[in-house]
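**Student:** just a sequence and a predicted model for now, questions to come.
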Amino acid sequence: MEFRVHWFAVTIWGSPDYALKLWEVWFEKSLGVMQDLGYGVRLYQKLYKALAEAKLYSSPRYANEDEHTHHFHLELPGSACEALHPKVFQEFVLVLGRTEKFQVTRLDLAWDGVPFTPEDLDQAGKENLLRTYAKRETFNYELYRYKPREDGVIGHSIFRMGSRQSSRYLRVYNLHGPVRLEMETRGDRADLVARDVLIHQPDEWSDKAIPHLRDFFDIETEYWQEFIQQHARANRTITDARTKEMSRISGWLFKQVSPSLSVLVDLYGEGTVTALLVAGRNKRGKRFDSLLKGGQNEL
């Protein structure tokens, strides 16, 4: 059985020049030079393209002068991912985690040569052997009885589960020959899985990814037990927006404000803190109402 990254997309905070430099250092050797296409798309003013359909989006249309609003988006589809050595992904994510503000927005993971077929999953669904967060109405099985596979064999099939608009979506198909299981993740879920899986050695990726796959769905069958090899579920949940925002504010406060605040308190006494609180409450307006209401609801 072979495991691979089949799609990787990431948003990184930085300038357009930095985006091109990052591409040159990490990906140009395998995927060529990023070429300016001379036009943009809905959210970005500039679009670049390299080999294997790799794309770079930069200069967001709604950015202001604040440097923290400048970001770019890198998209590596399946063909581009296959052109890169797996170690590139590992080292790239590790370096980003140490030095950059970033978010992986899409990550597709694929297992080739799994010990079950699309027909097996379709039957498991009919027999209520599937445990999943996906709605049953999203289960879909299709048989192409007379269409050839890529290896020349006539006939192929596919089983789908979940929505392409949700954070997780599953495909099991045999178009390429060996049966492939592919899990597509988006948004915060993609970021969580990428940070949990890709930081490890590539030969450990499958073992690290199967628990996340089991968080999405499980099957009560022997062939599934053979595939998961006793790997437990990851039991990873997405942090809600309020918690993430409070964490961001707290981090900024302790890192950026606390040194200056300590100087003021040492010079003018503890009353400085009270004065700052009064001033802050008068100036904050309605900007933090949603955070405050969320906190009150939790008490």
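**Tutor:** Structure received. Numbers count the residues shown, from 1 in each chain.
**Student:** can you pull the domain assignment for this structure?
**Tutor:** In the assignment given by automatic domain parsing, the structural domains of the chain cover 2-228, 241-298.
**Student:** what average pLDDT does the helix or strand harbouring T105 get?
**Tutor:** Per DSSP states H and E: T105 is located in strand 102-112. Looking at strand 102-112 alone, the average pLDDT works out to 96.
**Student:** in its sheet, which strands sit next to that strand, and in what direction?
**Tutor:** Here strand 102-112 is paired, per DSSP bridges, with strand 2-13 (antiparallel), strand 180-186 (antiparallel).
**Student:** make a markdown table from those and add distance to N174 to it.
**Tutor:** The way it works is simple: take the backbone N, C-alpha and C, and place the C-beta from them, glycine included. Shown next, in a markdown table, are the strands paired with strand 102-112 (distance: least, Cβ to Cβ, whole Å):
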| stretch | distance to N174 |
| --- | --- |
| strand 2-13 | 14 |
| strand 180-186 | 7 |
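**Student:** single out the most deeply packed of the ones you listed.
**Tutor:** Taking mean count of other Cβ atoms under 10 Å as the contact definition, the stretch among the strands paired with strand 102-112 with the greatest mean neighbour count is strand 180-186, which reaches a mean of 22.
**Student:** the helix or strand following that strand: how far from the chain's middle?
**Tutor:** Downstream of strand 180-186, the first helix or strand assigned by DSSP H and E is helix 187-197. In terms of Cα atoms, centre = their mean, to the nearest Å, the centre of helix 187-197 is found 4 Å from the chain centre.
**Student:** which secondary structure elements does helix 187-197 sit against?
**Tutor:** Under the contact criterion of 3 or more Cβ pairs under 8 Å, 6 or more residues apart in numbering; DSSP states H and E, the helices and strands touching helix 187-197 comprise strand 2-13, helix 86-99, strand 102-112, helix 205-216.
**Student:** again, only using 6 Å
**Tutor:** With contacts defined as 3 or more Cβ pairs under 6 Å, 6 or more residues apart in numbering; DSSP states H and E, helix 187-197 has these neighbours: strand 102-112, helix 205-216.
**Student:** between the ones you listed, which one is nearest to A190?
**Tutor:** Of all those, it is strand 102-112 that lies closest to A190, at 4.2 Å by Cβ to Cβ.
**Student:** from the chain's centroid, how far away is that closest one?
**Tutor:** In terms of Cα atoms, centre = their mean, the gap separating the centre of strand 102-112 from the centre of its chain is 6 Å.
**Student:** again, but for stretch 129-139
**Tutor:** Taking Cα atoms, centre = their mean, one finds stretch 129-139 lying 22 Å from the centre of the chain it belongs to.
**Student:** in that stretch, what's buried?
**Tutor:** Neighbour-count burial for stretch 129-139 flags 130, 132, 134, 139 (criterion: 16 or more other Cβ atoms under 10 Å).
**Student:** and if you look at stretch 164-174?
**Tutor:** For stretch 164-174, a neighbour-count test (16+ other Cβ under 10 Å) marks 166-174 as buried.
**Student:** so which of those residues comes closest to D120?
**Tutor:** Comparing the buried residues of stretch 164-174 against D120 with Cβ to Cβ places V172 closest, at 8.3 Å.
**Student:** packing partners for the helix or strand encompassing that closest one?
**Tutor:** Using DSSP H and E, V172 maps to strand 168-173. In terms of contact count using 3+ Cβ pairs under 6 Å, 6+ apart, strand 168-173 is assigned the packing partners strand 154-162, strand 180-186.
**Student:** where does the protein have its least confident helix or strand?
**Tutor:** For the chain, counting by mean pLDDT, DSSP states H and E, helix 289-298 ranks last in confidence among helices and strands (a mean of 53).
**Student:** contacts only, for the most centrally placed residue in the chain.
**Tutor:** Among the residues of the chain, A190 comes closest to the average C-alpha position under Cα atoms, centre = their mean, at 2.1 Å. Contacts for A190 were tallied using Cβ atoms under 6 Å, 6 or more residues apart in numbering; they are 104-107.
**Student:** most neighbours, which of those residues?
**Tutor:** L107 (27 neighbours; other Cβ atoms under 10 Å).
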